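Student: Fold the stuff below for me.
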Amino acid sequence: MARVSAGLLPYRRKKGVLEVLLVHPGGPFFQHRDAGVWSIAKGEIDPGEDALAAAVREFREETGFEPHGPYLPLGTVRQPSGKIVQAWAFAGDFDPARLRSNSFRLEWPPNSGRMRAFPEVDRAGWFDLETARHKLLPAQTAFLDRLRERLEGGSREGGGDDQRA
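Tutor: Residues are numbered from 1 along each chain as shown. Modelled structure (predicted):
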């Protein structure tokens, strides 16, 4: 059975340019990688948990920021690992310098017997859609297209282009 995660994609307009907030995975495996490794803030849905509630919980845990709806559904994507990611977008404006992520433990260096704590997310940033497409995990770029369609296509379901955070 495929693992299922849920996440949130904050957006804002800065000087008329649509931007999204992406997060960079923490830990030693990604510290020197940039293109194609950023993500939306997301995590696995607990058994019996509502998907949107899981997305909100994971966003708080990974960023330390408090999200506020309305939330625009962006559907799902399947990543190459088989994981299914369901996402929502919302209007917000957060200062990436104030990021506060939860952490995970990992034996590092490998086979050293030493356990170290690493942040789940080591940084966040606002990016225009073209830059975000380059930084984002390839499977998740569909969320950018869907967000643009929802906002520029005139759909107001779920709040449209509301700028409240």
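
Student: OK, contacts around the most centrally placed residue in the chain?
Tutor: Central residue of the chain (CA atoms, centre = their mean): Ile40, 1.5 Å from the mean position. Under the criterion of CB atoms under 8 Å, 6 or more residues apart in numbering, the neighbours of Ile40 are Gly7, Leu8, Leu9, Leu22, Val23, Val85, Ala87, Leu136, Gln140, Phe143. The C-beta positions use only the backbone N, C-alpha and C, and glycine is treated the same way.

Student: which residue packs closest to it, ignoring adjacent ones?
Tutor: For Ile40, ignoring the flanking residues on the chain, the nearest one in space by CB to CB, 6 or more residues apart in numbering is Gly7 at 4.2 Å.

Student: Using CSV, write out the CA atom coordinates for the strand or helix carrying the one you found.
Tutor: Assigned by DSSP states H and E, Gly7 belongs to strand 4-14. The C-alpha trace of strand 4-14 is given here as CSV (Å, rounded to 0.1, in the frame of the first residue of the first chain):
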residue,chain,number,x,y,z
VAL,A,4,0.1,9.0,1.7
SER,A,5,1.3,12.5,2.8
ALA,A,6,-0.5,15.8,3.0
GLY,A,7,1.0,19.3,2.8
LEU,A,8,0.4,23.0,2.4
LEU,A,9,1.7,25.4,-0.2
PRO,A,10,1.6,29.0,1.0
TYR,A,11,1.5,31.7,-1.7
ARG,A,12,1.7,35.5,-1.9
ARG,A,13,1.9,38.2,-4.4
LYS,A,14,5.0,40.4,-4.1
